[in-house]
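[1] Sequence first, predicted model second:
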Amino acid sequence: MRTILWENNTIKLIDQRKLPDTFEVLECKNVVELGEAIKTLAVRGAPALEAAGGYGVALAAFERDFTSVEEIKEYIKKGAEYLASTRPTAVNLFVGIERVLKEALKGERVEEVRELALKEAQRIADEDVERNRKMGKIGAELFEDGDSILTICNTGSLATVYWGTALGVIRSAVEEGKKIRVYACETRPLNQGSRLTTWELMQDGIDVTLITDSMAGIVMQKGMVNKVIAGADRIVRDAVFNKIGTYTLAVLAKHHGIPFYIAAPKTTFDWSKKADDVKIEERSREEIIYCNVKCGKTLMAPQDVKVYNPAFDPTPLELVSAIITEYGIIHPPYDRNVPEILKL
Ligand SMILES: CSC[C@H]1O[C@H](OP(=O)(O)O)[C@H](O)[C@@H]1O
C-alpha cells in the first residue's frame, strides 16, 4: 500500500503513530484533519509531506460546496496557508502545496479547479514513486555485497509515497542481490528508527540491528559499519537539514574515515538558501519528558525540567561524501556539481 493516497475525495494514509504494533489507515476528510496528521507525524518524511501538501490543497477544493470559482479559489488559498504552517523545515511540504495551488488557480470553473488540483496532486505522488525507484538504482552502485550500513530516522516507503530515499537505495541494492546489513539508530525522541525503519526492513527480510543513538560511535569504532546513509528534509548551499542526530553521525563518520551519503530527490534542494535562512522545527517538551510517542505519560524526567527539542540539525556539506538523487550521484564540489546535475 502507498503511504498516502486519494480515495472517494478523502486522503487515506498509514497512521505512523501506531506502528510497529498496530497497522491502521487514517482517513482525512478535510484540511484541518490532514494538518493534525502532519503535526503529529501520522504522516511524515519530506517526500511524503510533499505528496500530503499537494493532496491537502486538493482536499480543500473538495471538502465543501462552492457557489463561484472565486469562492473556491479563496478557500484553497486559505487551506494552502494552513498546511504550510504545520511544519517548517522540510521544503518538500511547500513544494507540494505551491505546485498544486498554482495549477488549481488556472481553473475557470469550480469543477475545473477541483480537477486540476487533484490531477496535479496525483502527479506528485506518482512522480515520487518513480523518482525513488530511479534514485534507488543509481545509489545502489555505491554499495557492495557485504556492506554494513548505519542509518538514522526513517527514510523508507513510510517517509515517501513508496520505496523510500536512503532506505530505497538499500532496498535497490538488496534487490540487485547484494547482501546488506543495516544498523538502525532508534532516533529519539519519536523513534522513527526503532518503530518504523526496523519494521520496514524486517517486512522485507533485510538484516537489521537496532541500536540507541548513543551507540553510533562504538559501532563505527569497532568497525561494525562501513558506510552511513541518511535522508534529508532540506539541502541548502552549505548544509543538509535532516533528523536530529544526523550531524553527529556525519562528524563520527569523518573521524572514522567512513563514507557518509545523503539520498534525496531534487525537490529537497533549496539551493538559493543557506543554513542560517532555515527554520529548524522545535517540538513539544512532552516528547522528551515522557517515555515516547507510544507509551504515553510515563515520566522520564522531572515534570518541570527545561527541555530543548529541535527536530532537525544542519550537517555542513563538507562532511557529506556524496548526495544521491534521481538525476545522478552528486560528488563535491557541490557548489558546481549540484546546479549542473540538477539543472538548478
Ligand atoms: C525521506 S527523507 C525523511 C526525513 O524526514 C524525517 O523527519 P520526520 O520524521 O520528522 O518527518 C527525517 O528527517 C528523514 O530523514
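    That came through, no problem. Because the structure is a prediction, the values reported are computed rather than measured.
[2] Would it be right to say that Lys178 lies in a strand?
    No. According to DSSP: H, G, I helix; E, B strand; the rest coil, Lys178 belongs to no strand; its state is coil.
[3] quick one: it from Ile235, how far?
    Computed as C-beta to C-beta, to the nearest Å, the Lys178 to Ile235 distance reads 26 Å. (C-beta placed from N, C-alpha, C; glycine too.)
[4] Give me the more crowded residue out of those two.
    Ile235 (29 against 15; other C-beta atoms under 10 Å).
[5] Which residue, neighbours along the chain excluded, lies closest to the more buried one?
    Leaving aside its sequence neighbours, Ile235 sits nearest to Phe269 (C-beta to C-beta, 6 or more residues apart in numbering; 4.8 Å).
[6] I figured that neighbour hits Ile341, correct?
    No. Distance between Phe269 and Ile341: 10.3 Å, which falls outside the contact criterion (C-beta atoms under 8 Å).
[7] Comparing these two, which shows the higher neighbour count?
    Taking other C-beta under 10 Å, Phe269 and Ile341 do not tie; Phe269 has more neighbours (24 against 17).
[8] Can you give me every residue that contacts the more buried one?
    Neighbouring residues of Phe269 by C-beta atoms under 8 Å, 6 or more residues apart in numbering: 91, 235-236, 338, 342, 344.
[9] Flag every buried residue along the helix or strand that contains Ala125.
    Assigned by DSSP states H and E, Ala125 falls within helix 110-140. Residues 110, 113-118, 120-122, 124-125, 127-129, 131-140 are the ones in helix 110-140 that count as buried (16 or more other C-beta atoms under 10 Å).
[10] Gly231 versus the spatially most central residue of the chain, what's the distance?
    Centrality entry for the chain: nearest residue to the mean C-alpha point is Gly45, 2.2 Å, by C-alpha atoms, centre = their mean. Remark: distance between Gly45 and Gly231 (C-beta to C-beta) = 7 Å.
[11] Please identify every residue contacting each of those two.
    When C-beta under 8 Å, 6+ apart defines a contact, the residues bordering Gly45 and Gly231 alike are 155, 159.
[12] remind me which residues of the stretch 151-300 of the chain are low pLDDT?
    Along the stretch 151-300 of the chain, the parts satisfying pLDDT under 70 run over 292-293.
[13] In it, mark out all the helices, start to finish.
    166-175, 192, 198-203, 216-221, 246-256, 286-289 (DSSP state H, counting those that start in this stretch).
[14] Can you tell me what sits against the second one?
    What it means is helix 192. For helix 192, contacts defined as C-beta under 8 Å, 6+ apart pick out 44, 153-154, 243.
[15] near the ligand too, which of those?
    Contacts with the ligand are made by 44, 153, 243 out of the contacts of helix 192, judged by C-beta under 6 Å from any ligand atom.
[16] In CSV, list those along with neighbour count.
    Shown next, in CSV, are the ones next to the ligand among the contacts of helix 192 (neighbours: other C-beta atoms under 10 Å):
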residue, neighbour count
Arg44, 26
Cys153, 29
Lys243, 26
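[17] mind giving me a markdown table with the residues you listed and columns for distance to Phe260?
    Below are those laid out as a markdown table (distance: C-beta to C-beta, whole Å):
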| residue | distance to Phe260 |
| --- | --- |
| Arg44 | 23 |
| Cys153 | 14 |
| Lys243 | 14 |
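[18] how about the residues of the stretch 1-150 of the chain near the ligand?
    The stretch 1-150 of the chain comes close to the ligand at residues 44-47, as judged by C-beta under 6 Å from any ligand atom.
[19] Recalculate using a threshold of 8 Å.
    Residues of the stretch 1-150 of the chain found near the ligand (C-beta under 8 Å from any ligand atom) are 41, 44-49, 87, 89-90.
[20] Contact partners for the residue of the chain found nearest the ligand?
    With C-beta to the nearest ligand atom, the shortest gap between the chain and the ligand falls at Gly231, namely 3.0 Å. By C-beta under 8 Å, 6+ apart, the contact set of Gly231 is 45-46, 153, 155, 159, 165-166, 242-243, 262-264.
[21] Now rank those residues by neighbours and give me the top one.
    The member of the contacts of Gly231 that has the most neighbours, counting by other C-beta under 10 Å, is Thr155 with 34 neighbours.
[22] OK, contacts around that residue?
    By C-beta under 8 Å, 6+ apart, the contact set of Thr155 is 45, 164-168, 197, 230-231, 263.
[23] Restricted to strands, list the residues you listed.
    Judged by DSSP state E, strands contain the following of those: 230, 263.
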